[in-house]
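Undergrad: Provide a 3D model corresponding to the input given below.
(one chain, ligands or ions: 1)
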Amino acid sequence: HDKVIVGGNVVYYNIDESFAETDKMPQIHIILKEGATLKTGDQLTLVESAGRSALNGGQWQFEIRYPQAYTWEVEETTDAEGKYTLKVRVVSEDYSGQGEAGYEDDDEDNGNEDIPQLDIEAEMAYNTPLRTYAEKNNKFVGTCVPVWNINVDDDNDAKTKLIAEQFNMVVCENEMKFDATEPSQGEFDYYHGDRLVNFANRHGMRVRGHALVWHSQVPGWLTSDGNKNSFNRSREELLAIMKNHIENVVGHWKGKVAEWDVCNEVLSDDQSAVRTDPNAYTLRPSVWQSIGEDFLDSAFVWAHRADPDAVLILNDYGVEFQGQAKAEAFYNLAKYLKEKGVPIDGVGLQCHLDVGNVDINKLKATIDRFNAIGLRCVITELDLGMDDNEANRMQQAKDYYNIARIAMEADNCNELMIWGLTDAMTWRGGRNPLLYDSDLTPKPAYYGLHQGLRETSSAPTAISPLPYGKPSATHVVAETYYNLQGQRITSSAADSIYITSQLMSDGSVRNKKVINR
Ligand code: XIL
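TA: Residues are numbered from 1 along each chain as shown. Have a look, this model is predicted:
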């Protein structure tokens, strides 16, 4: 008779392999050897342990599956010291049907829900820009811009023009990072960042700031490799550096950069701790982490003080699909920060993914669980790597389509950013992850995204699900200009009369006629 004897507690953690809470119980299957006979009164001890508890507080019990023989009775006892025993006993030699075949098996998602279809041919008939659909929905679709490589000062430059036409949000690919903005200690360089901000203003685009506190792309005076405190600075010195950087950079772009990635990629890739501790997360060792875990709190608080209207984000990769250990750790960390009052507004899912590996249901589960704790989700750096062939191009289009649908349907997800413009300009060289070919021809991926945005766009309503800025101060988050014929124009024309349409932080829209002399 096999039995399990446990020296400590038997502890049950009622989550499934994707970390979703479940009412499934741990099972014990009793299997009799062929020819074995038992008689009334025979008793099997299945489990003995020092105690029994639940990791996350829920009620539970073993579910026993009997053989198709005899009639059984179960006896479960916990004595005064908490010692736990689980026994079963044969009460009759007649078969009661207890072990009838057909124990309910795991109820699987049948996956039969109507999956909307992508139709690229049909989509090509629309020449409405992406941003039009996002704007209808009070949402944003954007791209990162390599400001060193695209002349954003020249509205006639083909790439500049394409970005202004298609997107209503931008982020610097590199130019607002620590090494770019504070190349020497205490000396700040805002040149390229300002160029992008000016470009965005001319075209009614929202600007993201990326990134304040990150282990990568940090200047040599701060750390030799980002991973360690190579100059052995004290906690106080490092905090002072961080504070000064945040105050200056966020302060400089106060009111101009609507949203910041305050902390980027702070989690370690190894998050196995969440398998045994439901609230665990493990931070990546870095020059910042050497301050102590509260570097996170300080970063958010200083960013918030420098621009109380800015939306503050915790950004990371490998956290997109519920069920990944790192996704779990990311949720734990964001929830923990939010619960203790750190001014965090939401999380960024980078979404550097590969074609065919996009699990749309798990992405939705991730976005929804952040919504449930009052955090917004931003798709911050979407790109979908693939080898370039016809079949992959179609799958890539599907993946873009599905991500756009899922993200833009969610009330707490207002922004979807693509990490780059053309396959010739991606950081993932050779992986062809973006929307345009190098000659600026839209790929199927573009039409996939287009259909996703189109199908989820709707006329603006008076009720906006989540204000874009902080609820306290209503301010302009995006501005679009039209001539008196209703065609979109840039605002720069002097001596003109035009209409400005301002999207306010509370979701309302303000239209004004402006006489610009
Ligand atoms: C990348 C840029 O695209 C490259 O040009 C640069 O050389 C390295 O950084 N996660 C991030 C981004 O948060 O800042 C990274 O951008 C891509 C991964």
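
Undergrad: mind listing what's buried in stretch 363-382?
TA: Buried residues in stretch 363-382, counting neighbours by 16 or more other Cβ atoms under 10 Å, are found at 363-371, 375-382. All C-beta atoms are positioned from the backbone trio N, CA, C, and that covers glycine.

Undergrad: same check, this time on stretch 163-171
TA: For stretch 163-171, by 16+ other Cβ under 10 Å, it's 163-164, 166-171.

Undergrad: Show me the residues you listed that map onto strands.
TA: Among the buried residues of stretch 163-171, the members falling in strands (DSSP state E) are 169-171.

Undergrad: okay if I get the residues you listed as CSV plus pLDDT and distance to A329?
TA: Below are those laid out as CSV (pLDDT from 0 to 100; distance: Cβ to Cβ, whole Å):
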residue, pLDDT, distance to A329
M169, 98, 28
V170, 98, 30
V171, 98, 25
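
Undergrad: From those residues, pick the one nearest the ligand.
TA: Nearest to the ligand out of these is V171 (Cβ to the nearest ligand atom; 9.1 Å).

Undergrad: Now do the contacts for the closest residue to the closest one other than its chain neighbours.
TA: Distances taken as Cβ to Cβ, 6 or more residues apart in numbering put R208 closest to V171, at 4.0 Å, once the chain neighbours are dropped. Counting by Cβ atoms under 8 Å, 6 or more residues apart in numbering, R208 touches 142, 169-171, 257-261, 378, 380, 415, 417.

Undergrad: got the CA positions of the helix or strand R208 falls within in PDB?
TA: R208 belongs to strand 206-213 when assigned by DSSP states H and E. Provided in PDB are the C-alpha atoms of strand 206-213 (Å, rounded to 0.1, in the frame of the first residue of the first chain):
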ATOM      1  CA  ARG A 206       1.300  62.600 -28.300                       C
ATOM      2  CA  VAL A 207       4.900  62.000 -27.100                       C
ATOM      3  CA  ARG A 208       6.100  59.100 -24.900                       C
ATOM      4  CA  GLY A 209       9.300  59.500 -23.000                       C
ATOM      5  CA  HIS A 210      11.700  56.500 -22.900                       C
ATOM      6  CA  ALA A 211      13.400  55.800 -20.500                       C
ATOM      7  CA  LEU A 212      14.500  57.300 -17.200                       C
ATOM      8  CA  VAL A 213      15.900  54.500 -15.100                       C
END
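
Undergrad: Next one: L314 from the ligand, what distance?
TA: 12 Å (Cβ to the nearest ligand atom, to the nearest Å).

Undergrad: Just the element for that residue, please.
TA: strand 311-316.

Undergrad: Which parts of the very next helix or strand once past that strand count as buried, going by neighbours?
TA: Once the chain leaves strand 311-316, the next helix or strand it forms, by DSSP H and E, is helix 325-339. Neighbour counts over helix 325-339 (16+ other Cβ under 10 Å) mark 325-335, 337-338 as buried.

Undergrad: hmm, who's touching helix 325-339?
TA: The contact list for helix 325-339, computed with Cβ under 8 Å, 6+ apart, reads 19, 266-267, 269, 271-275, 278-282, 296-297, 300, 314, 316, 318-322, 344, 347, 366, 369-370, 373-375.

Undergrad: Report the buried members of the residues you listed.
TA: 19, 266-267, 271, 273-274, 280-282, 296-297, 300, 314, 316, 318-322, 344, 347, 366, 369-370, 375.

Undergrad: Among those residues, which lie within helices?
TA: 296-297, 300, 366, 369-370 (DSSP state H).

Undergrad: Relative to D309, which of those is nearest.
TA: Set against D309, the nearest of those by Cβ to Cβ is F300 (14.5 Å).

Undergrad: on that earlier part again, could you list which of the buried residues of stretch 363-382 also contact the ligand?
TA: Among the buried residues of stretch 363-382, proximity to the ligand is found for E381 (Cβ under 6 Å from any ligand atom).

Undergrad: returning to what we had before: now the two most distant members of the ones in helices among the buried ones among the contacts of helix 325-339.
TA: For those, the farthest-apart pair by Cβ to Cβ is D297 and T366; their separation is 23.7 Å.

Undergrad: Next, name the residue at the spatial heart of this protein.
TA: Centroid check for the chain by Cα atoms, centre = their mean gives L349 as the closest residue, at 2.7 Å.

Undergrad: R131: neighbouring residues, count only.
TA: Using other Cβ atoms under 10 Å, R131 is surrounded by 26 other residues.

Undergrad: Could you look up the SS state of L353?
TA: Secondary structure of L353, reduced to three states by DSSP: H, G, I helix; E, B strand; the rest coil: strand.

Undergrad: which parts of the protein sit against the ligand?
TA: 173-174, 264, 350, 381, 427.

Undergrad: tell me which element A391 falls in.
TA: Assessed by DSSP H and E, A391 sits inside helix 390-409.

Undergrad: Give me the residues contacting the helix or strand hosting L239.
TA: Using DSSP H and E, the element containing L239 is helix 235-252. Defining contact as Cβ under 8 Å, 6+ apart, one finds that helix 235-252 is touched by 176, 178, 181-182, 185-186, 188, 190, 209, 212-213, 222, 229, 233, 257, 260, 262, 287-288, 290-292, 295, 298-299, 302-303, 305-307, 310.
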